[in-house]
Every structure is written in structure tokens, then in C-alpha cells.
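Peer 1: here is my input, please return the structure:
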Amino acid sequence: MRLFAPLIALGCTMLQLPVFAQTPNTPLPFGKVEIADLELQKCDFEPDANAMVLFEKGNLYFDSHLNIVLEYHKRVKIFNEHGKDQANVKIDFNGGNRYENINEIQAETINLNGGKPEITKVDKKQVFLQAIDKVQSQYTFSFPNVKPGSIIEYKYTRTIYSFVGMPEWYFQSYIPVRYSELDTNIPSIFTFNTHVHTSLPWAKYKTKTVLYNDLVEERALENVPSLRKEPYMTSEADNLQSIHFQLIAVAPSVNNTNTYDDTWTKVGKTFANYEDFGGQLNRYLTNEETIINKAKTFKSLDEKVNYIFNEVKNNLKWNNVDRWYTNDGTRAAWDKKSGNSAEVNLILYHLLKKVGIDVYPMVASTREHGKVNPAFPFIYQFNRAVVYLPVDSAKHYVLDATNKYNLFNEIPEELLNSYGLCIDKQKADYNLVYLEKLNPSVTSVYVNAQIKADGQMTGVASVNNYSYSRINALQAYKADGEKKYIEELAQHDNNLKISSLKLENLGIDSLPLTQNINFNLDLAGSDEHYIYFSPNIFTSLHNNPLLSESRSTIIDFGHLDKLSLAGQYKIPAGYKVSAFPKSGSLEMPDKSISLRRVIAEEDGIINVRYVIAHTKTYYIKEDYPQLHEFYKTMYQYLNEQIVLEKI
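Peer 2: Here you go, the predicted model:
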């Protein structure tokens, strides 16, 4: 079978292309270009953009064999040097299992030269196909002769050898999109639910029935702003304006066995019966008896689980590839001590099961991959295999040994606030489980310092990190090294010098990570009459991350938090308190975030206590105005200074 149609060899062609008298947003045929687009210097609705999608067009239909076919065409305008990265293209598809194919790839660069279009075609020899793993494949190519002012375009045909798995369509991108259109032609023998996630009005929406009552729909958006990265945003899949299709019915004449996955039970059965998932659960591992026998010597459930969990995470290296299926298989991954997330965690499942622990394989979705929509049963909503362990009616563990800093009794942070699908083939029980952490991740800071008359503060601090706070701090320390970690701890403040840092409980997961700090702080702004300082030290809460007046994405803090700061500051002889912030509290209208502050002075010692608590993790973008205003006030509270006056 052809993988792609022959491409015209690399070369430059000087020709005058016809100028079409169409609206600026109308998709033009491949190779036909508006001179106005070649002369375009910026995006009208997003002037600071480095590049812009001029148009993106998809024609989605079923062929005579009831395969899904997508004819795709995209054209991009490059405005400056920073936009040239758009010229490196990757086309991902599930080609390894021959589930789908990409062919008829064509690509070219168009420049304006002497007032005329100059076309440079991509040589077919520069279009590379590589197997990512046994399922996923990828075409890559780069456009030649790209410079500011260039237009690049490419098109291809994607064929999915099934009537299941209609591809999603994204009207939005990380660069602005002037026009995006998807046309669909769905035979009347199929019924699809359409999940539309758009905030802009349709620039075009047409629907009609044609021969045999097939449904034809045309949908388009125009002037779609780029999706910009924002603090605490979830994945692009959660936020991009898009449309998704879910097959819910097929005419009996086509499929009288109803074998497609339209319920979570059917999705679960697919996982359970899939050779590279369910077929890997009971594979013997070389010398597994050593670990199994050792684990059986421990008395409590937690001791057994913790031992096996640490054996797997410390002896198997995750290759940073997230999959719900194995590539080489659990046995091969165990022998070479490396594998993808499914191989690592299905090995963990196997060993726990061999010890007699009641565990189940589970599939989940990482934060980067996107939240699982419980109303949309579909296998590709998941990207990571993990292990589910129900402890009792009130407690369960979700184990993931890919990260060396994960804990067996903490749900991995990147899986929170979404669903996992628990697979119990023996009981034919396949249930979605919402993955959340109900207790906050706690950080407590204690500072004991002395202020000197020369405007210097010297002292000691102790930072105790629990739960995710511990995991993140320890991972940063190990990954960055002590020097860089100290710079981050000091918030890159040149006035704050950390002379020593000692970490305790690094290897004891059940205890908090304790950071003992000796420091010296130059109190900038002080003079011979006044000393100014803020007690907000070693909290990491110095710069407000929610400064933007507007928000276009969901806000997800990931997990609940509680931060406490307690400080004692000795006033130098010859000084008195001139002013300090009042004790008080601050709350969100729904009380989901609160700040409590208590400040008092007695016998020359200033005592300070701050407590900040988050009791909610997830906010829709419509909540942002209140959240923005609260954060603005909260950071004003945190950074208010205490003033000492010379007597």
C-alpha cells in the first residue's frame, strides 16, 4: 500500500498565480495564493503574533468500504524569525498497527519575489516516516527557504480503516487562526454524538441531508485567538476550541453485533482483552520469586506495598513515554530494566498480585494529556497505565512507579482531578474512579531572626514539606542540584544569602522533608532612621502568578494546599515598632481560599503567623475575575512591610 503519493522534487518555480476575488478567509486550492496574504505583515486580531494560520480545512467522510477519510489542508503565514518554528511539521497517526495511514502528502513554501509568488516544493526524500512504537507512527518534514513573510502550506489524506474513531478537530492553536473549517459527510447508517467545545459564534454553519439521507455539515470559525499558556492551566485538549464525535449507533445491516465501544464496560473489556495490556498481567518475570518471598515477610499491607513499590521504581527506569499499552512487553522491560509507563506499572501490578494483594490494573490520563470526559467512552482518552488498590470503603491507593519520587500512598499529582478506569476482568467490572486528594499538601515555615541596627537580618529557618510539597521539593533538589535549588529557595533575591542548607528525612517517605536554613538578609530600603522588612520569607509566595486581567483557560491548582508561616523577629536596641500590618483575614466569596494573619509585638519581639488554605482546586474561567481580585489583595497582604523607627 502506498504510504504517500510522489512529491515533486525540490526546485523553485517563478509564476504569476491568479488572484482570487474571494473573501480573505476563504480556503484556496493548494498552490493558489492571494498576493495580499504574501504582503501581510501582521495578524489583524492579534498583532504581536509570530505566525498565523491563514486557513485550515478538513473534509471528513466515509469511503465505499466505510473507512473514515480526512482530507486535510493547512496554510500558515510566517511574520518574523520567531515564527519560523512553524516550518517543522510532525504528523502523528496510529500506523504501527495498520489502524490508519497517511498518504498524498504535499508541502511547499511560497515567497514573494519581485512582486510575484515563488514556490519551493518539499522534496519527497525529505519527508521521513518513523515508528514511535508498535502503535504510533510519525511523518516529519521541514519547509525549505522559509523566512519572515513566507507562506507555508501542506496537505495530506488520512485514512482510518474503521468506522469507529472519528478524529477530533481543533479550530484553535497556539498561534492565531484566521479561518478553520471542518466539513463532514456522515452516512445515515451511523449516529454520532457531537461534543462541541467553542466559545466563538460560528462563522459558517450549514447542514443538509443528501442522497440516502446522509448528513452533510459545514462548520467554521474565524479570527480565533491563540491559546496562550497561562498559570495553572490544564492541557491544550481541555481548553482548545474543538469538536469531538462519539459513535452511539450503527444500523444492524452493517453491524448487528454492536462490537464498537459505546459504554465504559465495553472500553474496559477492550483493555482487558488487548494483548499488550490484559495479556501482560500474568507474565513471569526473571527471578521474581526473590521479591515476592521477601514481600511476604512483612506483616502489614502498607509494608508489603511499600517494599514492592520501591523495588520497582528503583530498579526499573521509565523511558519517559506514556502509554496505556506495552511496547516490548513486561518480561522484556523487566530484563532490560527500562520501559514505558504501562510496562513499569503492569510489572508493579503483577508483583503485588503474586503476593496476594487485591489490586487491579487501571488506565488514567495525565494532566498534560487532558481530563477524561465520563460522558465520552473512548479508549484514547487515556495515556497511562497505573495500579489501583482499594484499601477499604474509605481509602484507596493509585500506584505509579514511573517517577522515582512518587509515594505509594499518594495519587500522582499529574493524575489528580480526572478519572481512572479500573479493570476487573474476573468480575467483568469496569468502573470509572474519580482521582482526587481530599487532604491538603502542607508546608510549614518557621523563622527565628534577629534584626540589627545596620539593616541586616540574621537567623535560622525550618521548612517542613509534606505530601506533594515534599515530593516536589525533593525532586527539585535532586534534579537541579544544591546550588540552583538554594537560588530558587531564596527566590533569586540578591539580598538574601543562604549560608547553609541541611535536609533531613530524604530517604524516609513517611516523614516530612525538613530543610534547616541559616541565612542573612540585607533589608533594602533601610536608612539611619528606619528599618523596613517583610516577614514573608521562604514561602515561595512573593510574585503573584495571576496578574493578567483576563483569562481564557480553566484554572486547576492540582491539589489542595495549606501553608503556614510562623516567625519571631527580635528588634534591635534603640528601635521601636513604627508600623506593622494589622491582624485580620481574607476570604474568597465562596470561602475556597483563605488567608489568616496575626502580628503582635511584646518585649522587643515581633511575632508573626500567616495561614493560607486552599479548599478547592478547580475553577472555570468565568470564576477568574473573583480569583484575580483575591490574589491581588492576598499578595498585598503577604508583602506588607513592618517598619521599625530609631528612638
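Peer 1: where does the prediction get shaky in the chain?
Peer 2: 1-24, 255-259 (pLDDT under 70).
Peer 1: how's it carved up into domains?
Peer 2: The chain breaks down into these domains under automatic domain parsing: 12-250, 264-435, 441-646.
Peer 1: comparing those, which comes out most buried?
Peer 2: domain 264-435 (a mean of 19; mean count of other CB atoms under 10 Å). (Each C-beta comes from the backbone N, C-alpha and C, glycine too.)
Peer 1: can you give me the end-to-end distance of that one?
Peer 2: One end of domain 264-435 sits 17 Å from the other (CA to CA, to the nearest Å).
Peer 1: stretch 459-477 now?
Peer 2: Stretch 459-477 has an end-to-end distance of 22 Å (CA to CA).
Peer 1: make residue 1 into 36 and carry on from there
Peer 2: Understood, numbering begins at 36; the last thing we discussed is stretch 494-512.
Peer 1: end-to-end on stretch 609-627?
Peer 2: Using CA to CA, the end-to-end distance of stretch 609-627 comes to 43 Å.
Peer 1: same deal with stretch 456-463?
Peer 2: End-to-end for stretch 456-463, by CA to CA: 13 Å.
Peer 1: ok, and what's touching it?
Peer 2: For stretch 456-463, contacts defined as CB atoms under 8 Å, 6 or more residues apart in numbering pick out 299-300, 302-304, 306-308, 313, 395-399, 407, 417, 423, 464-468.
Peer 1: how about a cut-off of 7 Å?
Peer 2: 299, 302-303, 306-307, 313, 395-398, 417, 423, 465-468 (CB atoms under 7 Å, 6 or more residues apart in numbering).
Peer 1: please apply the same query to stretch 599-618.
Peer 2: Under CB under 7 Å, 6+ apart, the answer for stretch 599-618 is 479-488, 565-566, 570, 574, 632-634, 636, 639-646, 675, 677-682.
Peer 1: one step back: show me the contacts of stretch 456-463 that map onto strands.
Peer 2: The strands, defined by DSSP state E, take in Tyr395, Pro396, Met397, Val398, Tyr423, Tyr465, Asn466, Leu467, Val468 from the contacts of stretch 456-463.
Peer 1: tell me which of those is nearest to Ile210?
Peer 2: Nearest to Ile210 out of the ones in strands among the contacts of stretch 456-463 is Val398 (CB to CB; 32.3 Å).
Peer 1: nearest spatial neighbour of that closest one, skipping sequence neighbours?
Peer 2: Of all residues not flanking Val398 in the chain, Phe417 sits nearest, at 4.0 Å (CB to CB, 6 or more residues apart in numbering).
Peer 1: ditto for Pro202
Peer 2: Leu105 (5.9 Å).
Peer 1: likewise Ile647?
Peer 2: Nearest one to Ile647, counting by CB to CB, 6+ apart, is Leu598 at 4.7 Å.
Peer 1: what residues are bridge-paired with that neighbour?
Peer 2: With DSSP bridges as the criterion, Leu598 is bridged to Thr478, Ile647.
Peer 1: circling back: now render the ones in strands among the contacts of stretch 456-463 as a markdown table, adding distance to Thr175.
Peer 2: Shown next, in a markdown table, are these (distance: CB to CB, whole Å):
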| residue | distance to Thr175 |
| --- | --- |
| Tyr395 | 38 |
| Pro396 | 33 |
| Met397 | 33 |
| Val398 | 28 |
| Tyr423 | 37 |
| Tyr465 | 37 |
| Asn466 | 40 |
| Leu467 | 36 |
| Val468 | 37 |
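Peer 1: work out for me the element Lys388 sits within.
Peer 2: helix 376-389 (DSSP states H and E).
Peer 1: what sits up against that helix?
Peer 2: By CB under 7 Å, 6+ apart, the surrounding residues in contact with helix 376-389 are 312, 315-318, 320, 323, 326-327, 340, 343-344, 347, 351, 353, 356-361, 363, 365, 368-369, 394, 396, 419-422, 434-437.
Peer 1: repeat for stretch 501-518
Peer 2: For stretch 501-518, using CB under 7 Å, 6+ apart, the contacting residues are 440-442, 445, 448, 476-478, 500, 520, 523, 536, 538, 541, 547-548, 594.
Peer 1: in helices, which of the residues you listed appear?
Peer 2: In helices, defined here by DSSP state H, the members of the contacts of stretch 501-518 are Tyr520, Glu523.
Peer 1: now intersect the contacts of stretch 501-518 with the strands, please.
Peer 2: Per DSSP E, the subset of those in strands is Ser476, Val477, Thr478, Asn500, Leu536, Leu538, Leu548.
Peer 1: out of those, what pair is the most spread apart?
Peer 2: Longest span within these, CB to CB: Ser476 and Leu536, 21.3 Å.
Peer 1: which non-adjacent residue is nearest Ile382?
Peer 2: Thr365 (5.0 Å).
Peer 1: repeat that for Ala410.
Peer 2: Per CB to CB, 6+ apart, closest to Ala410 is His230, 7.9 Å.
Peer 1: same question for Glu116.
Peer 2: Pro183 (6.3 Å).
Peer 1: could I get the full set of helices for the stretch 36-185 of the chain?
Peer 2: Secondary structure of the stretch 36-185 of the chain (DSSP state H, counting those that start in this stretch): helices located at 70-74.
Peer 1: give me every residue that touches Glu265.
Peer 2: Arg586, Thr588.
Peer 1: do you know how far it is from Tyr654?
Peer 2: 12 Å (CB to CB, to the nearest Å).
Peer 1: can you check Asn375 too?
Peer 2: As for Asn375, its distance to Tyr654 is 33 Å (criterion: CB to CB).
Peer 1: what do you get for Asn441?
Peer 2: Relative to Tyr654, Asn441 is positioned 26 Å away (CB to CB).
Peer 1: again, but for Asn60
Peer 2: The value you get for Asn60 to Tyr654, if CB to CB is used, is 34 Å.
Peer 1: tell me the secondary structure at the most centrally placed residue in the chain.
Peer 2: Nearest residue to the geometric centre of the chain (CA atoms, centre = their mean): Glu403, 2.0 Å. Of the three states, Glu403 takes coil under DSSP: H, G, I helix; E, B strand; the rest coil.
Peer 1: my read is that it contacts Ser270, right?
Peer 2: Yes: applying CB atoms under 7 Å as the test, Glu403 and Ser270 come out as touching, 5.3 Å apart.
Peer 1: what sits opposite Leu630 in the beta ladder?
Peer 2: Leu621, Ile647.
Peer 1: equivalent analysis for the one 10 residues further on, please.
Peer 2: For Ile640, the beta-bridge assignment (DSSP bridges) gives partners Lys605, Glu637.
Peer 1: likewise Pro152?
Peer 2: Here Pro152 sits in beta bridges with Leu147, as judged by DSSP bridges.
Peer 1: wait, it touches Val68, no?
Peer 2: Yes: if you go by CB under 7 Å, Pro152 and Val68 touch, sitting 5.6 Å apart.
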